[in-house]
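Chemist: From the sequence below, what's the structure:
(chains A, B, C and D)
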Protein chains: 2
Amino acid sequence: MLRLSKKTDYALMAMKHLASDPRRRAASAREIAETYDIPVELMAKVLTRLVRSGLLTSHQGVHGGYELAQPPAETSVAAVLEAIDGPLTMTACTHGDHECAQFSKCNVRDPLRRVQDRIAAILAECSIAEMAADPDPSAPPVTLMSSPAGRRAPTLSAASREP
Amino acid sequence: MLRLSKKTDYALMAMKHLASDPRRRAASAREIAETYDIPVELMAKVLTRLVRSGLLTSHQGVHGGYELAQPPAETSVAAVLEAIDGPLTMTACTHGDHECAQFSKCNVRDPLRRVQDRIAAILAECSIAEMAADPDPSAPPVTLMSSPAGRRAPTLSAASREP
DNA sequence: TTAAGATACGACCAGATTAGTCGGATATTT
DNA sequence: AAATATCCGACTAATCTGGTCGTATCTTAA
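Modeler: Below is the predicted model of the structure:
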């Protein structure tokens, strides 16, 4: 059913979290994981993959954490998918692997490749910034009355969700 | 990686096979399976799912088999996917299932849904007829010198597609 | 009437993939 | 030195998937 892996979900959540964090400082794996109820170790694993792919930068030590390596408008959803799950492949034969038993006789290879290209285009067009523009249900879009000087913007208080 | 299941691949192969079969008569599961080197029982299972979804009609008995229930231009790739793997869902929460542990805090649900909608649109737009229009690599498009009297009309191939 | 060729259906198994866990190493700030 | 981090690999458990098997039923043709 063309489902995204859970790790990819987590990666996108983290990317959006970082993109919409007004403070724009490093967030730790623990912080992100707890915000969204994700197992910490798993979140950490996902984040290091994003670092290795160049989408995040990391900083160790007491006030370390992760930051976006690029402005959110320049990171595509496709890039995040690929960072976690490897190249986008709808079928076994998409990337050179002629391991599919039907390879020589397959009659849908080329048409499917075209469909895949169109899907890849959609994912490449959609940026993290666009996702971040979407109002976060658990964090009201705009400061309604709080943060007079914008110190701790309300987005952070995802913990104080409605009961 | 958004990969199609093997069963879906097989289903699409079968659909295209039927769509581009010039004879336009029922093809048996065995025939299709052998053409593409697919395990017969598995092919049969896939085909019955397509029947149950109304994309094929079946006919039992000695000269039975499967036929397209509709003209190929009216069956979308999306319909085939759904017949085999159920509704298209990129994420766990797409269709009402609030079973995802992150449901209440998820910040990417709505944006992802929009992405999914766009992908679904692509799959809905692409018909089996379009796939069949694509030349089948293992079956050269036109009879080069055979069929002296045109019993097996050479026009069949992709040429005879134009509603 | 019977044999052959076909679909229909459900149960089952084995391998692969995925989600999640654990333990330990290393870096950085206080 | 202690606390808070990332980093890394190995491991387990659960789920999913591809594929198999057995059996029942239908339909045609000899």
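Chemist: Tell me, how many residues neighbour A:Gly86?
Modeler: A:Gly86 has 10 neighbouring residues, counting by other Cβ atoms under 10 Å in any protein chain shown. The way it works is simple: take the backbone N, C-alpha and C, and place the C-beta from them, glycine included.
Chemist: any weak-confidence spans in chain A?
Modeler: Chain A contains residues with pLDDT under 70 at A:96-97, A:136-163.
Chemist: which residues in it form strands?
Modeler: Remark: strands assigned in chain A by DSSP state E are A:56-59, A:65-68.
Chemist: which residues touch A:His59?
Modeler: A:Ala26, A:Gly65, A:Tyr66, A:Glu67 (Cβ atoms under 8 Å, 6 or more residues apart in numbering or on different chains).
Chemist: So what does the most far-flung residue of chain A relative to its centre have for phi and psi?
Modeler: Computed with Cα atoms, centre = their mean, the residue of chain A farthest from its C-alpha average is A:Lys105, at 37.1 Å. Main-chain dihedrals, A:Lys105, degrees, to the nearest 10: phi -110, psi -10.
Chemist: that older thread, what two of the contacts of A:His59 have the greatest distance between them?
Modeler: For the contacts of A:His59, the maximum inter-member distance is 7.1 Å, found between A:Gly65 and A:Glu67 (Cβ to Cβ).
Chemist: Pick out whichever of these two has more residues nearby.
Modeler: A:Gly65 (20 against 16).
Chemist: Would you mind measuring from that one to A:Ser20?
Modeler: Distance, A:Gly65 to A:Ser20, by Cβ to Cβ, to the nearest Å: 16 Å.
Chemist: What count of nearby residues applies to the closest residue to A:Pro87 other than its chain neighbours?
Modeler: Of all residues not flanking A:Pro87 in the chain, A:His95 sits nearest, at 5.7 Å (Cβ to Cβ, 6 or more residues apart in numbering or on different chains). When neighbours are counted by other Cβ under 10 Å, A:His95 registers 10.
Chemist: just checking, A:His95 touches A:Glu82?
Modeler: No: using Cβ atoms under 8 Å, A:His95 makes no contact with A:Glu82, being 11.4 Å away.
Chemist: What are the buried residues along stretch A:42-59?
Modeler: Neighbour-count burial for stretch A:42-59 flags A:Met43, A:Ala44, A:Val46, A:Leu47, A:Arg49, A:Leu50, A:Val51, A:Leu55, A:Leu56, A:Ser58 (criterion: 16 or more other Cβ atoms under 10 Å in any protein chain shown).
Chemist: err, stretch A:121-131, not the other one
Modeler: Result for stretch A:121-131 [16+ other Cβ under 10 Å]: buried residues A:Ile122, A:Leu123, A:Cys126, A:Ser127, A:Ile128, A:Ala129, A:Glu130, A:Met131.
Chemist: Closest to A:Lys16 out of those residues?
Modeler: So of the buried residues of stretch A:121-131, ranked by how close each gets to A:Lys16 (Cβ to Cβ), first place is A:Met131, at 5.1 Å.
Chemist: Not counting residues beside it along the chain, what's closest to the closest one?
Modeler: Using Cβ to Cβ, 6+ apart, the closest residue to A:Met131 is B:Pro111 (4.1 Å).
Chemist: The one you found contacts A:Pro135, doesn't it?
Modeler: No: the criterion here is Cβ under 8 Å, and B:Pro111 misses it with A:Pro135 at 9.9 Å.
Chemist: Which of those two has more residues huddled nearby?
Modeler: Applying other Cβ under 10 Å to B:Pro111 and A:Pro135 shows that B:Pro111 carries more neighbours, namely 21 against 14.
Chemist: Could you check how far that one is from B:Met15?
Modeler: 32 Å.
Chemist: Now for A:Gln70: which residues touch it?
Modeler: A:Leu55.
Chemist: Could you do A:Thr89 as well?
Modeler: Counted by Cβ under 8 Å, 6+ apart, A:Thr89 has contacts A:His95, A:Gln116, B:Met1, B:Leu2, B:Arg3.
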